[in-house]
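Asker: any chance you could fold what I've pasted below:
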Amino acid sequence: MKNLLLATSAVAMMAGGAYADGHSEVKIGVILGFTGPLESITPAMGAGAELAMAEVTESGALLGGASVTSVRGDSTCIDAGAATAAAERLVTSDNVDAIMGADCSGVTGAILQNVARANGVVMISPSATSPGLSTADDDGLFFRTAPSDARQGVIITNILQDRGVSEVALTYTNNDYGKGLADAFQAEFEAAGGTVTISAAHEDGKADYSAEVGALASAGGEVLVVAGYVDQGGSGIIRSSLDSGAFDTFYLPDGMVGAVLNDNFGEELNGSYGAYPGTNNAGAGMFVELAEAAGFDGTGAFSPESYDAAALIMLAMQAAESTDSADFKDHVFDVANAPGVQIMPGQLAEGLALIAAGYDIDYVGASAVDLIGPGESAGNYQEIEFSNGVYSTINYR
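Answerer: Numbers count the residues shown, from 1 in each chain. A predicted model of the protein is given here:
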């Protein structure tokens, strides 16, 4: 890494225009489930990504002063056909240069295979966590700032063990995300000596989950692990469990964490706990402050990861001196990992200028990004617990 003092000085010199033939506009597609089972958390995710874009546009430091425009698409989270059509529109009609998204694992995989690879477009997901995506054919185009659920399975096991829980019932939403997480957790928990009394899928969109809860209750368990969606079947399972007295303590993985839990259940969930990706590094606090100033909640699930996904796209473009995915896909790892000058939220202008001046950067960002192996986050989690009708972070792992 070149001298940090010289690098810092370069920021001031380069922040106005690195390339004489700079691009006038960069378009980034933001495809998330703005409707569907995660619709309560996606507004802050979209806002996080667009905060990074606005920061870069204001800086004038990207590719000789290019502005960055967000073009939104609705993945629905669960309808692969609708998600593919939305992504196809972004690429072929709106001519986006890259995709920030998608969110849920199934639709992300569909977009990757049917749109991104077919058109050679980079996509960086902030929240698709299925272990299957780690080995998907991607032509080097797919990355994610969220960790794989193989990592989350370890986290769930550790938290349950630390609380002395040795026997759980498990229910999961019947799709790539739910099945992948359930399998990863069960394998890890049982290898550590725990018992999963039942592992049962549930469908989203049902009005009555009494049959599913009846089967879970018959199997028994100290805790019910709900690998579902907070705006759909996962909350339905919890409501039926509470109303019937089947379970009163729940473990809530990432897809179940959202402020709507406080609104829908309040003190009924006191004593329940869970975890979702997050870190207590300096960048996390900086992002929360930036988000608050921009008018949205930066503590929401996957909002920091969305900021980071968009930031990595733009920093990689700068490193490649190109908006062509074929050029900048090979620079995502370079800007995300050490060595280099560490770049935090709110410092994207400095990062862009340093790259333009020929210096290495290490983008830490809002979620302590560190990409491993197949282009996914190594994984940091924040542990939550319900008390007095609301959940709050009690630990980091």
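
Asker: quick one, strands of the stretch 251-397 of the chain?
Answerer: 273-277, 341-343, 361-363, 371-372, 376-377, 381-387, 390-396 (DSSP state E, counting those that start in this stretch).

Asker: what is the least confident helix or strand in the chain?
Answerer: Counting by mean pLDDT, DSSP states H and E, the chain has its least confident helix or strand at helix 4-14, which shows a mean of 43.

Asker: show me what the helix or strand just after that helix is packed against.
Answerer: Sequence-wise, the next helix or strand downstream of helix 4-14 (DSSP states H and E) is strand 25-32. In terms of contacts (3 or more C-beta pairs under 8 Å, 6 or more residues apart in numbering; DSSP states H and E), strand 25-32 is packed against helix 42-59, strand 67-74, helix 80-88, strand 98-101, helix 303-320. Glycine gets a C-beta too; all of them are placed from N, C-alpha and C.

Asker: do that again at 10 Å, thanks
Answerer: helix 42-59, strand 67-74, helix 80-88, strand 98-101, helix 105-111, strand 123-125, helix 303-320 (3 or more C-beta pairs under 10 Å, 6 or more residues apart in numbering; DSSP states H and E).

Asker: can I get the last one in PDB? Just the C-alpha atoms.
Answerer: Included here for helix 303-320 are C-alpha records, laid out as PDB according to Å, rounded to 0.1, in the frame of the first residue of the first chain:
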ATOM      1  CA  SER A 303     -30.000  -1.700   4.900                       C
ATOM      2  CA  PRO A 304     -26.200  -1.400   5.700                       C
ATOM      3  CA  GLU A 305     -25.500  -4.300   3.300                       C
ATOM      4  CA  SER A 306     -27.500  -2.500   0.600                       C
ATOM      5  CA  TYR A 307     -25.400   0.600   1.000                       C
ATOM      6  CA  ASP A 308     -22.300  -1.500   0.700                       C
ATOM      7  CA  ALA A 309     -23.500  -3.400  -2.300                       C
ATOM      8  CA  ALA A 310     -24.100  -0.200  -4.200                       C
ATOM      9  CA  ALA A 311     -20.800   1.300  -3.000                       C
ATOM     10  CA  LEU A 312     -18.800  -1.800  -4.200                       C
ATOM     11  CA  ILE A 313     -20.400  -1.500  -7.700                       C
ATOM     12  CA  MET A 314     -19.300   2.100  -8.100                       C
ATOM     13  CA  LEU A 315     -15.800   1.600  -6.600                       C
ATOM     14  CA  ALA A 316     -15.200  -1.300  -8.800                       C
ATOM     15  CA  MET A 317     -16.200   0.700 -11.900                       C
ATOM     16  CA  GLN A 318     -13.800   3.400 -10.800                       C
ATOM     17  CA  ALA A 319     -11.000   0.800 -10.500                       C
ATOM     18  CA  ALA A 320     -11.700  -0.600 -13.900                       C
END
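
Asker: that helix to strand 273-277, inter-axis angle?
Answerer: 10 degrees (axes from the mean of the first three to the mean of the last three C-alpha atoms, to 10 degrees).

Asker: show me what contacts residue 134?
Answerer: Residue 134 makes contact with 142, 144, 148-150, 180, 372-376, according to C-beta atoms under 10 Å, 6 or more residues apart in numbering.

Asker: turn those residues into JSON lines, including neighbour count and distance to residue 196.
Answerer: Listed next are the contacts of residue 134 as JSON lines, based on neighbours: other C-beta atoms under 10 Å; distance: C-beta to C-beta, whole Å:
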{"residue": "142", "neighbour count": "28", "distance to residue 196": "31"}
{"residue": "144", "neighbour count": "25", "distance to residue 196": "27"}
{"residue": "148", "neighbour count": "26", "distance to residue 196": "20"}
{"residue": "149", "neighbour count": "33", "distance to residue 196": "16"}
{"residue": "150", "neighbour count": "21", "distance to residue 196": "17"}
{"residue": "180", "neighbour count": "25", "distance to residue 196": "15"}
{"residue": "372", "neighbour count": "15", "distance to residue 196": "28"}
{"residue": "373", "neighbour count": "9", "distance to residue 196": "27"}
{"residue": "374", "neighbour count": "14", "distance to residue 196": "27"}
{"residue": "375", "neighbour count": "20", "distance to residue 196": "31"}
{"residue": "376", "neighbour count": "24", "distance to residue 196": "25"}
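
Asker: residue 324: which of the residues you listed is nearest?
Answerer: residue 142 (16.5 Å; C-beta to C-beta).

Asker: could you check how far that closest one is from residue 160?
Answerer: Between residue 142 and residue 160 the computed distance is 31 Å (C-beta to C-beta, to the nearest Å).

Asker: please apply the same query to residue 153.
Answerer: For residue 153, the distance to residue 160 - C-beta to C-beta - is 11 Å.

Asker: shared neighbours of those two, anything?
Answerer: Shared contacts of residue 153 and residue 160 (C-beta under 10 Å, 6+ apart): 185, 189.

Asker: for residue 208, the count of nearby residues, please.
Answerer: Using other C-beta atoms under 10 Å, residue 208 is surrounded by 9 other residues.

Asker: you'd agree it is up against residue 233?
Answerer: No. Contact criterion C-beta atoms under 10 Å: residue 208 and residue 233 do not qualify, at 11.0 Å.

Asker: list the contacts for the closest residue to residue 153 other than its chain neighbours?
Answerer: Distances taken as C-beta to C-beta, 6 or more residues apart in numbering put residue 184 closest to residue 153, at 3.4 Å, once the chain neighbours are dropped. Neighbouring residues of residue 184 by C-beta under 10 Å, 6+ apart: 129-131, 148-154, 156-157, 227.

Asker: to residue 322, which of the strands of the stretch 251-397 of the chain lies closest?
Answerer: strand 361-363 (17.3 Å).

Asker: same for the closest one, what does it pack against?
Answerer: For strand 361-363, the packing partners by 3+ C-beta pairs under 10 Å, 6+ apart come out as helix 303-320, helix 332-336, strand 341-343, helix 348-356.

Asker: right, I'll call it a day here.
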